[in-house]
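> would you be able to build a 3D model of this:
(chains A and B)
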Amino acid sequence: MRSFSIGCAISFAGLLLFRCTAQPEEVRPGDNILSVFPNPCYDGASVSITNTSANSYFVRVYDPEGKEILNKPVNASTNFSVPVEAKLVGTYHVLVKVGGETLETSFVKIEK
Amino acid sequence: MIKNIACLLVIVASAFPTSAQELYASANSNFYIPLGESAMQTFPVIHHDKDATPKFSAGGFGFGVTQFRPLFKKVFLELNAGLLKYKFWNTPMDFRDSNNQPLGVMNFATVNYSLTFSGIAHYPLTERMSVGVGAGFQIAVISRSKIRDKSEIFSRAWVNNNHYKAVMPVIPIEILYRDEKKMYYSVNYTQAVLNQLRGDLAKYKSQNFGLLSVAVGRRIN
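Take a look at the predicted model:
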């Protein structure tokens, strides 16, 4: 019983002190960089991909209930707008397929 | 909502046969272990952030009722019903202004409340210690994320996460110790069986979790 309690206490102490730190990722030439702005947003956001040599990419956007609200190819030379004015408040997931790579990010719609 | 949940727990507890030999009230502290989403992190029992209000925030915990009853020969059954709060660091979010200029990457916590029900078959290793494996399910009550903006364009906002499945089958494994003073202590690992995401999103993205919990129970009958 004593060793069992000590084991639990050690595990507990380790997790008690645990804290995550986000590490910035290295960006190499040719890496696609996906961003959504503004984030958070009130009525709409734009999807942007930079550092890419691709002519087009494919965008999928999912609302806070996991429902697909957008699914279409986009010209890489322009930012793509995602209107969410009449949609749910919450976290939206964005998946972008560019070349053979799938990029992922999310943005938040908040109440005004 | 809390009143309804409390009523449900009382109903579940009262549904246990009155001939039950051992009925316990239990409490636990738990750690959500995200699987399939590398950017998510486990939240500690107590987290301190000098820039946040409040400075200290608690991690996962839960409470409920537990019953032990004989199953066959040495094997006995543990039935659990409870309310669980679990908390984790969600995928950091890249905040940007309307000109696509970065405002900072923010770590934010997500809090899920679930009703949990499980049955675990235990095999005794010694007179008081046993190991068990079982099955159960969790019913999602609410999931919320607290978004705080470092640039203070807005101060703070809670957003609901509705992209999680309402019911999640789980498989718990457990080490249990029951003492002679009407107490029990357990270490439990519960694995979610399915993709936690729902809807169209689940076709393209997978997210799963394990829950590590340390529980203590006090006999009430």
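> now do the end-to-end distance for stretch A:79-93.
17 Å (Cα to Cα, to the nearest Å).
> tell me how many other residues crowd the closest residue to B:Asn161 other than its chain neighbours.
Among residues not flanking B:Asn161 along the chain, B:Ser143 sits closest, at 4.0 Å (Cβ to Cβ, 6 or more residues apart in numbering or on different chains). All C-beta atoms are positioned from the backbone trio N, CA, C, and that covers glycine. Residues near B:Ser143, counting by other Cβ atoms under 10 Å in any protein chain shown, number 19.
> so A:Gly44 touches A:Val82, yeah?
Yes: at 6.1 Å, A:Gly44 counts as touching A:Val82 under the criterion of Cβ atoms under 8 Å.
> quick one, which of the two is more surrounded?
Using other Cβ under 10 Å, the more surrounded residue of A:Gly44 and A:Val82 is A:Val82, with 19 against 13.
> rewinding a little: list phi and psi for the residue nearest to B:Asn161.
Main-chain dihedrals, B:Ser143, degrees, to the nearest 10: phi -130, psi 130.
> can you name the residues bridging to it?
B:Asn112 (DSSP bridges).
> repeat for the one 4 residues further on
Under the criterion DSSP bridges, B:Ile147 forms beta bridges with B:Ala157.
> got a list of what the closest residue to chain B within chain A touches?
Of all residues in chain A, the one sitting closest to chain B is A:Gly66 (2.8 Å; Cβ to the nearest Cβ). By Cβ atoms under 8 Å, 6 or more residues apart in numbering or on different chains, the contact list for A:Gly66 reads B:162-163, B:197-202.
> for A:Tyr62, state which of the residues you listed is nearest.
The closest of the contacts of A:Gly66 to A:Tyr62 turns out to be B:Leu201 (Cβ to Cβ; 4.3 Å).
> find the nearest non-adjacent residue to that closest one, please.
That would be A:Gly66: by Cβ to Cβ, 6+ apart, it lies 3.7 Å from B:Leu201.
> look up phi and psi at the one you found.
Backbone torsions of A:Gly66, given as degrees, to the nearest 10, read phi 80, psi 10.
> gap between it and B:Gly210?
Distance, A:Gly66 to B:Gly210, by Cβ to Cβ, to the nearest Å: 22 Å.
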